[in-house]
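>>> Quick check, what structure comes out for this input:
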Amino acid sequence: MARRPRSQPPAAPAPVTVTVCRGCCCGTTAKHPGVDHQGQLARLREGIGEAGKVRAVDCLDACGHSNVVVVGPSSEGRLAGGRPVWLGWVLSEDMIDEVVEWVRAGGPGLVPAPGTLDLQEFTVSRRVRENLPG
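Next up, the predicted model:
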(Lines give C-alpha, C1' and ligand atoms only; values in the text may rest on other atoms or scores of the structure.)
Protein backbone atom coordinates (compact mmCIF):
# COMPACT_ATOMS: atom_id res chain seq x y z
CA MET A 1 0.00 0.00 0.00
CA ALA A 2 1.38 3.40 -0.99
CA ARG A 3 1.70 5.96 1.75
CA ARG A 4 0.63 9.55 1.32
CA PRO A 5 3.47 12.03 1.78
CA ARG A 6 3.17 13.81 5.12
CA SER A 7 3.01 17.19 3.43
CA GLN A 8 -0.48 16.42 2.07
CA PRO A 9 -3.43 16.81 4.42
CA PRO A 10 -5.98 13.98 4.42
CA ALA A 11 -8.81 14.38 1.93
CA ALA A 12 -11.88 16.10 3.33
CA PRO A 13 -14.90 13.81 3.67
CA ALA A 14 -17.31 14.16 0.77
CA PRO A 15 -20.81 15.41 1.62
CA VAL A 16 -24.09 14.03 0.28
CA THR A 17 -24.38 15.22 -3.32
CA VAL A 18 -27.68 16.03 -4.98
CA THR A 19 -27.47 16.13 -8.77
CA VAL A 20 -30.46 17.73 -10.48
CA CYS A 21 -31.06 17.18 -14.18
CA ARG A 22 -31.95 20.42 -15.92
CA GLY A 23 -31.36 19.59 -19.58
CA CYS A 24 -33.45 18.64 -22.58
CA CYS A 25 -36.50 17.23 -20.73
CA CYS A 26 -36.01 17.76 -17.03
CA GLY A 27 -36.28 21.30 -15.92
CA THR A 28 -38.20 22.56 -18.92
CA THR A 29 -41.61 24.18 -18.96
CA ALA A 30 -42.29 22.44 -22.29
CA LYS A 31 -42.49 19.04 -20.59
CA HIS A 32 -43.60 20.18 -17.11
CA PRO A 33 -45.37 23.53 -17.55
CA GLY A 34 -46.71 23.80 -13.99
CA VAL A 35 -43.36 23.28 -12.24
CA ASP A 36 -41.08 26.10 -11.06
CA HIS A 37 -37.81 24.41 -11.98
CA GLN A 38 -35.56 27.28 -10.89
CA GLY A 39 -37.53 27.55 -7.66
CA GLN A 40 -36.99 23.83 -6.98
CA LEU A 41 -33.26 24.19 -7.45
CA ALA A 42 -33.17 27.24 -5.16
CA ARG A 43 -35.21 25.40 -2.48
CA LEU A 44 -32.85 22.44 -2.62
CA ARG A 45 -29.78 24.66 -2.27
CA GLU A 46 -31.28 26.73 0.53
CA GLY A 47 -32.76 23.77 2.42
CA ILE A 48 -29.69 21.56 2.18
CA GLY A 49 -27.26 24.35 2.96
CA GLU A 50 -23.98 23.07 4.40
CA ALA A 51 -25.38 19.54 4.88
CA GLY A 52 -24.63 18.64 1.27
CA LYS A 53 -23.78 19.82 -2.21
CA VAL A 54 -26.38 20.57 -4.91
CA ARG A 55 -25.45 20.76 -8.56
CA ALA A 56 -27.42 21.12 -11.77
CA VAL A 57 -26.31 19.24 -14.86
CA ASP A 58 -27.46 19.40 -18.46
CA CYS A 59 -28.69 15.82 -18.95
CA LEU A 60 -28.55 12.56 -17.00
CA ASP A 61 -29.84 10.51 -19.96
CA ALA A 62 -32.90 9.20 -18.12
CA CYS A 63 -35.51 11.35 -19.85
CA GLY A 64 -38.32 8.83 -19.37
CA HIS A 65 -38.21 9.62 -15.64
CA SER A 66 -38.12 13.42 -15.92
CA ASN A 67 -37.53 15.34 -13.49
CA VAL A 68 -34.53 13.30 -12.36
CA VAL A 69 -32.63 13.87 -9.11
CA VAL A 70 -29.71 11.68 -7.99
CA VAL A 71 -28.85 11.62 -4.29
CA GLY A 72 -25.29 10.41 -3.82
CA PRO A 73 -24.05 9.24 -0.43
CA SER A 74 -21.50 11.07 1.66
CA SER A 75 -18.14 9.42 2.33
CA GLU A 76 -19.57 8.06 5.57
CA GLY A 77 -22.72 6.85 3.81
CA ARG A 78 -20.67 5.08 1.12
CA LEU A 79 -18.60 3.32 3.80
CA ALA A 80 -21.90 2.15 5.32
CA GLY A 81 -22.95 0.66 1.97
CA GLY A 82 -24.87 3.59 0.48
CA ARG A 83 -24.97 4.04 -3.27
CA PRO A 84 -26.41 6.81 -5.44
CA VAL A 85 -30.20 6.77 -5.49
CA TRP A 86 -31.92 7.81 -8.71
CA LEU A 87 -35.28 9.49 -8.21
CA GLY A 88 -37.70 10.14 -11.04
CA TRP A 89 -40.73 12.35 -11.45
CA VAL A 90 -39.56 14.75 -8.74
CA LEU A 91 -42.18 17.35 -9.55
CA SER A 92 -43.90 18.37 -6.32
CA GLU A 93 -42.78 20.62 -3.50
CA ASP A 94 -43.36 17.72 -1.07
CA MET A 95 -40.75 15.64 -2.92
CA ILE A 96 -38.26 18.51 -2.77
CA ASP A 97 -38.90 18.79 0.97
CA GLU A 98 -38.31 15.04 1.39
CA VAL A 99 -35.00 15.21 -0.51
CA VAL A 100 -33.89 18.10 1.75
CA GLU A 101 -34.99 16.19 4.87
CA TRP A 102 -33.09 13.08 3.74
CA VAL A 103 -29.85 14.92 2.98
CA ARG A 104 -29.97 16.84 6.26
CA ALA A 105 -30.50 13.53 8.13
CA GLY A 106 -27.46 11.86 6.48
CA GLY A 107 -28.63 10.52 3.12
CA PRO A 108 -28.09 7.13 1.43
CA GLY A 109 -26.36 4.49 3.50
CA LEU A 110 -27.07 6.24 6.79
CA VAL A 111 -30.81 6.96 6.80
CA PRO A 112 -33.71 5.44 4.84
CA ALA A 113 -35.41 7.78 2.38
CA PRO A 114 -38.34 9.61 4.03
CA GLY A 115 -41.96 9.70 2.97
CA THR A 116 -42.69 8.39 -0.47
CA LEU A 117 -39.27 8.92 -2.07
CA ASP A 118 -38.78 5.16 -2.28
CA LEU A 119 -41.69 5.11 -4.76
CA GLN A 120 -39.76 7.53 -6.98
CA GLU A 121 -36.62 5.38 -7.08
CA PHE A 122 -35.58 3.77 -10.36
CA THR A 123 -32.57 1.88 -11.73
CA VAL A 124 -30.46 3.08 -14.63
CA SER A 125 -28.10 1.21 -16.89
CA ARG A 126 -24.44 0.87 -16.00
CA ARG A 127 -23.59 3.05 -19.03
CA VAL A 128 -25.70 5.90 -17.67
CA ARG A 129 -24.38 5.48 -14.09
CA GLU A 130 -20.77 5.51 -15.26
CA ASN A 131 -21.29 8.74 -17.22
CA LEU A 132 -22.72 10.67 -14.28
CA PRO A 133 -20.71 13.91 -14.08
CA GLY A 134 -18.10 13.64 -11.34
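>>> For R43, give me its contacts.
Contacts for R43 (CB atoms under 8 Å, 6 or more residues apart in numbering) come out as E93, I96, V100. C-beta here means a position set from N, CA and C on the backbone, and glycine is covered the same way.
>>> so who does R55 touch?
Contacts of R55 (CB under 8 Å, 6+ apart): T17, V18, T19, V20, P133.
>>> could you redo the last one with a cut-off of 10 Å?
Applying CB atoms under 10 Å, 6 or more residues apart in numbering to R55 gives the contacts T17, V18, T19, V20, R22, L41, L44, R45, V70, P133.
>>> One more: C26?
Taking CB under 10 Å, 6+ apart, one finds 20, 32, 35, 37, 56-60, 62-63, 65-69, 88, 90-91 in contact with C26.
>>> residues near R104, how many?
R104: 16 surrounding residues under other CB atoms under 10 Å.
>>> about what we covered before: from the contacts of R43, which single one is nearest E50?
For those, the closest approach to E50 (CB to CB) belongs to V100, at 12.6 Å.
>>> ok but the closest one is inside a helix, no?
Yes. Looking at V100 with DSSP: H, G, I helix; E, B strand; the rest coil, it is inside a helix.
>>> What about it, how many residues nearby?
Neighbours of V100 (other CB under 10 Å): 22.
>>> Who are the contact partners of it?
Contacts of V100 by CB under 10 Å, 6+ apart are V18, R43, L44, R45, E46, G47, I48, G49, A51, G52, V54, P114.
>>> please redo it, this time with the cut-off set to 6 Å
G47, I48 (CB atoms under 6 Å, 6 or more residues apart in numbering).
>>> Also E130?
Neighbour list for E130: empty [criterion: CB under 6 Å, 6+ apart].
>>> In contact with the closest residue to G115 other than its chain neighbours, which residues?
Spatially, and ignoring its direct neighbours in sequence, G115 is nearest to E98 (4.4 Å; CB to CB, 6 or more residues apart in numbering). By CB under 6 Å, 6+ apart, the contact set of E98 is P114, G115, L117.
>>> Would you mind measuring from E98 to T17?
As for E98, its distance to T17 is 17 Å (criterion: CB to CB, to the nearest Å).
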